[in-house]
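[1] What follows is a protein structure lacking sequence information:
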């Protein structure tokens, strides 16, 4: 029943995962549609704002000439805008003047000085005139020059609204006279006035001189907005009851007749309200249909089948496994008994080897001392020979080499004795004044306070004092021995209380140790001696490592060539029960 419950729960989890993934996928795809929708909206608004800036730049240019800019000046200004390069989608930029009937003769005479054929068209019954005076580029918009926008309702009403509000406005759908395709378009107005300021509608109506305007073909505007292959949304735009732009045509191979997402958004734009009908296309469907949550369900059911089959196999194999386990357990018990016996023998052999190393090192000291004594006697006997002119200098040198080798053998045997005695050495757990110990080591090594420095928050310890002192002596001695003299010697001993132990580090500013030697230097008889440094037994660091590990801790090294070395370890504090108060306080400090 337990296994059946597991299978049922697993099946429920599979179905839950399928439903969750389906929900998350729909949500993620919806967010992608929202991002594409927002991108299109932002581009439309950003582009129209950019065109508005160009219109107000034209208004500023007109006002700088007291609302009476000349043909040549406007031509020069429009050229600086670089319309085709900086304002894709725009047809041009021009000026519309506002004139009453009694001003028309003078207006025409002034314009015909530069353009003898200039005229106003078509005729209408409005009490004012709003002719297009200038437009650039002129060759593409020649049919619009002289057109009186007052003749038609959409053109006229947007211009008057711009006049009365002082704001930029666009017209309802129109067909541009210069558009041979007769596709929907609109005009974009920005008003300018004589004098100022114009704080209310009456003042603006009285001072109204005209407008800077730009004609647009909607198809051209949207083509310059964002290429279709760069987006996965198709949309159309409706102004009032007229569709002015449509991408839902069935001629488009990427139109999705049943889109995954669609949304209608109303946008208020410069006095008009555009309705955008946005729909995802086939490319959007393809990009978001590569992974189906159904795959999770199928995979989960397949896994369930494997689990059920596995349970049957496990049930059949269970009895075999129990029998096999019993047999193996019996054999293991037999092997364990044999290993216990072998371990006892191995421990006995290790003890014998340590005793042998101790005895061998101890017994070697006598003949080594004898060799050293004989060498000194020979040197004394040959003093007269050495002072004679016929003396061979190699004899003195060879006797000196014998003395050096005798001294090295003494160091080696002493190191071996110390290393072999380390495991059997008794611990001397006493109160240790670390500051006094460092001061004593300064004296022993002949160092100044600037050369051997003590730092940290722990100066009084209760530790295995003999082994602890030996570790510090070896580490400080190594730092001194291998210092290359490139910088003044500086060895820093740091002790920091860390719970039930003390974290100790010994750092120096010597030549450092290459990373490939970090393990090797802790082996017995291994040394990285510099060319001019005294010989070393290679036992010191092995003793340090063995002492630290004997106390249940590990020795760490941080070093690289040219950056000195830092040896660090933790040393356990020992709680000592003393009767006097002073000792008790010392234990607490430790």
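    Structure received. Treat the numbers as computed from the prediction; the structure is a model and nothing was measured.
[2] Let me know whether residue 189 touches residue 167 as I believe.
    No: with contact defined as Cβ atoms under 8 Å, residue 189 does not count as touching residue 167 (9.2 Å). Quick note: C-beta positions are derived from backbone N, CA and C, even for glycine.
[3] And those two? Which one has more around it.
    Higher neighbour count among residue 189 and residue 167: residue 189, with 26 against 14, using other Cβ atoms under 10 Å.
[4] Can you tell me how far that one is from residue 221?
    Distance of residue 189 to residue 221, given as Cβ to Cβ, to the nearest Å: 16 Å.
[5] Residue 337 too?
    Where residue 221 is concerned, residue 337 sits at a distance of 94 Å (Cβ to Cβ).
[6] Give me the more crowded residue out of the two.
    The neighbour count for residue 337 versus residue 221, taken as other Cβ under 10 Å, is higher for residue 221 (22 against 10).
[7] so where's the stretch 301-450 of the chain uncertain?
    Within the stretch 301-450 of the chain, the segments meeting pLDDT under 70 span 343, 345-365, 407-408, 410-428.
[8] ranges for the strands of it?
    Taking DSSP state E, counting those that start in this stretch, the strands of the stretch 301-450 of the chain run over residues 429-433.
[9] I'd say residue 55 and residue 192 touch.
    No: using Cβ under 8 Å, residue 55 is not in contact with residue 192, being 9.9 Å away.
[10] where do the contact lists of the two overlap?
    Common neighbours of residue 55 and residue 192 are listed as residue 212 (criterion: Cβ atoms under 8 Å, 6 or more residues apart in numbering).
[11] The two: who's more crowded?
    residue 192 (26 against 21).
[12] how close does that one sit to residue 472?
    Distance check for residue 192 against residue 472: by Cβ to Cβ, it reads 91 Å.
[13] Show me this structure divided up by domain.
    Per automatic domain parsing, the domain ranges recorded for the chain read 21-280, 318-415, 427-589.
[14] I'd say residue 267 and residue 278 touch.
    No: checked against Cβ under 8 Å, the pair residue 267 and residue 278 is beyond contact range at 11.2 Å.
[15] More neighbours: which of those two?
    The neighbour comparison of residue 267 against residue 278 (other Cβ under 10 Å) goes to residue 278, with 20 against 14.
[16] Make sure I have this right: that one is in a helix.
    No: read with DSSP: H, G, I helix; E, B strand; the rest coil, residue 278 is strand and lies in no helix.
[17] Adjust the sequence numbering to begin at 23 for everything that follows.
    Sure thing, new numbering starts at 23, so read that last one as residue 300.
[18] Tell me the spacing between it and residue 252.
    For residue 300, the distance to residue 252 equals 15 Å [Cβ to Cβ].
[19] Then residue 328?
    Distance from residue 328 to residue 252, by Cβ to Cβ: 45 Å.
[20] do residue 272 as well
    With distances taken as Cβ to Cβ, residue 272 is found 22 Å from residue 252.
[21] cool, residue 218 as well?
    Separation of residue 218 from residue 252 (Cβ to Cβ): 45 Å.
[22] Quick one: residues contacting residue 157.
    Here residue 157 is in contact with 114, 115, 116, 117, 163, 166, 167, 237 (Cβ under 8 Å, 6+ apart).
[23] element containing the fourth one, please.
    Element membership of residue 117 [criterion: DSSP states H and E] is strand 115-119.
[24] List the buried residues for that strand?
    Residues of strand 115-119 classed as buried: 115, 116, 117, 118, 119 (neighbour count, 16 or more other Cβ atoms under 10 Å).
[25] Identify the bridge partners of the third one.
    Residues in a beta bridge with residue 117, per DSSP bridges, are residue 156, residue 234.
[26] Am I right that it is in contact with residue 92?
    No: under the criterion of Cβ under 8 Å, residue 117 is not in contact with residue 92, lying 10.7 Å apart.
[27] Kindly tell me how buried the nearest residue in space to residue 217 that is not next to it in sequence is, as a neighbour count.
    Closest residue to residue 217 apart from its sequence neighbours, by Cβ to Cβ, 6 or more residues apart in numbering: residue 229 at 5.4 Å. Neighbour count for residue 229, taken as other Cβ under 10 Å: 17.
[28] Who are the contact partners of residue 229?
    Residues in contact with residue 229 (Cβ under 8 Å, 6+ apart) are 215, 216, 217, 218, 220.
[29] With residue 459 instead?
    491, 494.
[30] all helices for the stretch 423-572 of the chain, in order.
    Counting by DSSP state H, counting those that start in this stretch, the stretch 423-572 of the chain has these helices, from start to end: 456-467, 487-503, 562-572.
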